[in-house]
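**Q** would you be able to build a 3D model of this:
(2 chains)
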Amino acid sequence: MGSTNAMVETERLIVSTSPHIKTKDSCPKIMWSVVIALIPAGVAGILIFGFSALKVISISLVSAILSEAIIQKLSHKKITIADGSCFITGLLLAYNLPPSVPWWIPAIGSFFAIAIAKQAFGGLGYNIFNPALAARAFLLASWPKYMTKWIPPRWYPDALSTATPLTVIKHHLVDAVSGATILNIVEEKKFMHTLAFYGKLFLGDRAGCIGEVCILAIISGGFFLLYKGYIRWYTPFTFIFTVGFLSWIFLGNGLFNGDWLFYILSGGLFLGAFFMATDYVTTPLTKKGQIIFGFGCGILTFLIRKFGGYPEGVSYSILIMNAFTPLIDRYTKTRKFGLVKKLKS
Amino acid sequence: MLIRNKFPGGVHPLTCKELTRNSFIEEIPPPQKVVIPLIQHTGAPCIPLVKPGEEVKLGQKIGSAEKYISSPVHASLSGKVSKIEEFNHPLLEKAPAIFIEKDKNSDSEMVQQKNPDDLSIEELKERIREAGIVGLGGAGFPTHVKLSPPKPIDTLILNGAECEPYLTCDERLMQEKPREIIKGLEIIAKIVSPERIFIGIEDSKRETIKIVKEILRELRLDGIEVSVLKTKYPQGGEKQLIKAITGREVPSEGLPFDVGVLVQNVQTAFAIYEAIYKGKPLYERVITVSGKAIKKPGNYKVKIGTLVSDIVEFCGGFIKEPKKIIFGGPMMGIAQWSLDVPVIKGTSGILFLTEEELNLEESGPCIRCGRCIEACPVKIMPAYIALAVEYKKWNIAKEYSPRDCIECGACSYICPTRRDLVQLIKIAKLRVH
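**A** Numbering: from 1, shown residues only, chains lettered A, B, ... in the order given. Coordinates of the predicted model:
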């Protein structure tokens, strides 16, 4: 080396197919960017609900990382916790939990997400369902008591309004509700439709899951990913638009006067649309497919909210659409270049 | 009027052209020995016309093309034929080749009769064929065949896009020999008589665009239009270039003449000029030598048959260890396993890339991000073809039309888990009919 006549040891030359250069955007880089994009929503959750939220997030994260490492170790695979994907799962699961759950809920949930929903299917890239959402569904089915117990933001003096806005609306519309809550609803009714009310929803001043309440934080993370080109707008936009549009038509007194803004801002729609319906592995590959996916999620969310037993339907709608992803992919192939008629010779 | 600068997909790799962009074309002196493969083109190999021990002169035809789709080869050195045997080939691994050792003091050029301008179309084509001209963009398809399309041509495009990173030889040639290139282009135009003529150049080559436009104005050639193209890989791909300039889509598994278009590379046009105006057969060309491992990267005029080792020596050797030696560009070029490989007609560049330039990360599982589909300029779905190949599901692979793949490498380049998509699609191509 160094001298002009220096030749190269040809045995050390690498021979492989083209291309020989690769983009700097790697899988870990994308995954860690998603983790960064998720931070604002988590910080907001901690600010709103206090120490309990921080506890849930930490336990969920640690459990996800340990589960991934242990399972990969036991199955003699390369340990890939550094790629960041288990961090996303751990965060997303925590963000989908009420802040008041006991400590073992996020621990078991993250273990389920990683062990069953991800690794049992073959690990990163092979899972059919979004791991965090599959775990949430598992937790909701197993311990509904803890999963539907809500606490208000920490600055509220009492625990009067211990229901999410969607629960309040749901029960008012469907069930006979106890007197105390009716009063509460009447109070809220007066307050509804005011700018301050939407502002509260937008900033996260309400009961709900840790990561879903602060829309502002979710949007800033989501826009960061859009700006970096790591996600596309097709699914989130279609998803939110469909829910808003259907709510406007069908969820008011009579047709076409539903409070669409309320319905898109309350519940987990933004978190789901920006961070879970955009998960690469479990959603369609093409633009057309992603629009169909978002549309399907939107319709299902609306149907579950309107007719289902749960007040919220975002996670189930995404899980159901996850199952349709292979089918959507199959029917949304790209139009290949050059599908034109040849000129006659 | 025209739909410009638009072809679907594409990627933006670092161009790395600044390594050589401003180096003037320098001639590498004739080496002591050249090795001239008898096949340097698409089509049938040449039949050797000389025997070991025979004296040859620079420019003498030493391999003849018997078949129509073939192209003769010429001596790039005056000297003695030492042997004819199998030797390393940059594309085919091994191929028969003629070895010429340089004479001590003979540097004489074969005297070839120079002919006037008023040749008939058939005579022009015959001269181009006899000069051994093939597509110099890399494909190596015999030019005389391309100049005899079975369908009428209404649009002629000169391909000056040079979208491959690192390569700057076409750009340099356009800056240094624009008149000659345009004269070559006019000969092509005379042969195929198109209605419209374009010179396609990427918008990052501002200086070149300026020079070419000035020459066209000076020569009062209003019929030739410079088409400024968006800098995006693979802008120089034939089908992508045609789509960008004319808006026409070459049919799947079809050829440019199916939409009435003929595309020629700038170096091919230059070779045609030299063959017709100077009677000079194709025995040398301009290549880019680049990469961070070589001491003196630049643009060099080299004799066909020059070995890489001689070029390395002329360029001052290595300053870092090259991890890959590539013939062509980094996106579509071919990695070599030896320095004893000759430059052939289709060699546009030789790259000596270091480990840091290469990114040798291991490949991982598909995370279904869909970037390969966005990047694919022929709009097939690399991710699915690759998965089908990995599971040996050939009938599924076939559904995704792997045979439309132009092997541009955009999908593998953009893949965040470094999957070898092009390689897997190539396997599909071999198995799917």
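**Q** from the stretch 101-250 of chain A, which residue is nearest to chain B?
**A** Nearest to chain B, among the residues of the stretch 101-250 of chain A, is residue A:125, at 3.6 Å (Cβ to the nearest Cβ). All C-beta atoms are positioned from the backbone trio N, CA, C, and that covers glycine.
**Q** can you pull the contacts of that residue?
**A** A:281, B:364-368, B:417 (Cβ atoms under 8 Å, 6 or more residues apart in numbering or on different chains).
**Q** show me the shaky parts of the stretch 251-400 of chain B.
**A** Applying pLDDT under 70 to the stretch 251-400 of chain B picks out no residues at all.
**Q** in it, which spans are helices?
**A** B:266-278, B:308-314, B:355-358, B:371-375, B:382-390, B:394-399 (DSSP state H, counting those that start in this stretch).
**Q** any chance of CSV for the ones you listed, columns mean neighbour count and distance to residue B:78?
**A** Converted to CSV, those look like this (neighbours: other Cβ atoms under 10 Å in any protein chain shown; distance: least, Cβ to Cβ, whole Å):
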stretch, mean neighbour count, distance to residue B:78
helix B:266-278, 25, 17
helix B:308-314, 20, 17
helix B:355-358, 16, 38
helix B:371-375, 25, 48
helix B:382-390, 23, 49
helix B:394-399, 16, 52
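**Q** got the ones you listed as TSV, with distance to chain A columns?
**A** Rendered in TSV, the data for these read as follows (distance: least, Cβ to the nearest Cβ, whole Å):
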stretch	distance to chain A
helix B:266-278	20
helix B:308-314	7
helix B:355-358	6
helix B:371-375	6
helix B:382-390	6
helix B:394-399	8
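**Q** domain assignment for the chain?
**A** You didn't pick a chain, so chain A it is. A:27-147, A:165-331 (automatic domain parsing).
**Q** wrong one, chain B
**A** According to automatic domain parsing, the ranges for chain B are B:26-112+B:281-357, B:114-278, B:371-431.
**Q** out of the ones you listed, nearest to residue A:33?
**A** domain B:371-431 (10.9 Å; Cβ to Cβ).
**Q** poorly predicted segments of chain A, please.
**A** A:1-7, A:157-162, A:170-193, A:340-345.
**Q** re the thing from before, would you list the domains of chain B in TSV and tack on distance to residue A:289?
**A** Below are these laid out as TSV (distance: least, Cβ to Cβ, whole Å):
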stretch	distance to residue A:289
domain B:26-112+B:281-357	28
domain B:114-278	22
domain B:371-431	10
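**Q** out of the ones you listed, flag the one nearest residue A:204.
**A** domain B:371-431 (32.2 Å).
**Q** spell out which parts of the stretch 1-150 of chain B neighbour chain A.
**A** For the stretch 1-150 of chain B, the residues in contact with chain A (Cβ under 8 Å from any Cβ of the partner chain) are B:8, B:11, B:13-14, B:150.
**Q** of the residues you listed, just the buried ones, ChimeraX syntax please.
**A** Burial among the residues of the stretch 1-150 of chain B next to chain A is assessed by 16 or more other Cβ atoms under 10 Å in any protein chain shown; the matching ChimeraX selection reads:
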select /B:8,11,13
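**Q** give the contact list for residue 12.
**A** The chain I'm using is chain A. B:321, B:323.
**Q** not quite, I wanted chain B
**A** Residue B:12 neighbours (Cβ under 8 Å, 6+ apart): B:231-233.
**Q** what is the nearest of the residues you listed to chain A?
**A** Lowest distance from chain A to these (Cβ to the nearest Cβ) belongs to residue B:233, with 9.6 Å.
**Q** how about that closest one, phi and psi?
**A** Phi and psi for residue B:233, reported as degrees, to the nearest 10, are phi -90, psi 140.
**Q** give me the nearest residue to it, chain neighbours excluded.
**A** The spatial neighbour of residue B:233 that comes closest, neighbours along the chain excluded (Cβ to Cβ, 6 or more residues apart in numbering or on different chains), is residue B:163 at 4.8 Å.
**Q** name the element the one you found belongs to?
**A** For residue B:163, there is no host helix or strand (DSSP states H and E).
**Q** any idea how far chain A is from it?
**A** Distance, residue B:163 to chain A, by Cβ to the nearest Cβ, to the nearest Å: 12 Å.
**Q** do you know how far residue B:237 is from residue B:164?
**A** 10 Å (Cβ to Cβ, to the nearest Å).
**Q** tell me where the stretch 101-250 of chain A has helices.
**A** Counting by DSSP H, counting those that start in this stretch, the helices of the stretch 101-250 of chain A are A:104-111, A:131-142, A:144-147, A:165-174, A:179-191, A:195-203, A:215-228, A:234-250.
**Q** need the next SSE after the last one, C-terminal direction.
**A** The reference is to helix A:234-250. Following helix A:234-250 in sequence, per DSSP H and E, is helix A:260-265.
**Q** hmm, residue A:126 is touching residue B:364, no?
**A** No. Using Cβ atoms under 8 Å, residue A:126 is not in contact with residue B:364; the gap is 11.6 Å.
**Q** who has more neighbours, these two?
**A** residue B:364 (20 against 15; other Cβ atoms under 10 Å in any protein chain shown).
**Q** for that one, give me its contacts.
**A** The contact partners of residue B:364, by Cβ under 8 Å, 6+ apart, come to A:27, A:124-125, B:417-419.
**Q** turn the residues you listed into CSV, columns for distance to residue A:156.
**A** Shown next, in CSV, are those (distance: Cβ to Cβ, whole Å):
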residue, distance to residue A:156
A:27, 42
A:124, 41
A:125, 43
B:417, 46
B:418, 50
B:419, 51
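**Q** give me the contacts around stretch A:34-46.
**A** A:53-54, A:57, A:84, A:87-88, A:91-92, A:94-95, A:99, A:204, A:210-214, A:216-218, A:220-222, A:224-225, A:230, A:271, A:275.
**Q** oh, that last question was meant for stretch B:23-36, not what I typed.
**A** Residues from elsewhere that reach stretch B:23-36, judged by Cβ under 8 Å, 6+ apart: B:62-63, B:73-77, B:82, B:87, B:97-102, B:107, B:168-169, B:172-173, B:176, B:286, B:297-307, B:310-311, B:314, B:342.
**Q** can you do 7 Å?
**A** With contacts defined as Cβ atoms under 7 Å, 6 or more residues apart in numbering or on different chains, stretch B:23-36 is touched by B:62, B:73, B:76-77, B:87, B:97-102, B:172-173, B:176, B:286, B:298-307, B:310-311, B:314, B:342.
**Q** any idea how far stretch B:342-353 is from the chain center?
**A** For stretch B:342-353, the separation from the chain centroid amounts to 9 Å (computed by Cα atoms, centre = their mean, to the nearest Å).
**Q** can I get that stretch in CSV, CA atoms only?
**A** Written as CSV, here are the backbone C-alpha positions of stretch B:342-353 (Å, rounded to 0.1, in the frame of the first residue of the first chain):
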residue,chain,number,x,y,z
PRO,B,342,-9.0,-6.0,-20.6
VAL,B,343,-11.0,-2.8,-21.3
ILE,B,344,-13.6,-3.6,-24.0
LYS,B,345,-15.7,-1.4,-26.3
GLY,B,346,-18.6,-1.2,-23.8
THR,B,347,-16.4,-0.3,-20.8
SER,B,348,-17.5,3.2,-19.7
GLY,B,349,-15.6,3.2,-16.5
ILE,B,350,-13.4,1.4,-14.1
LEU,B,351,-14.1,2.1,-10.4
PHE,B,352,-11.9,1.2,-7.5
LEU,B,353,-14.2,1.5,-4.5
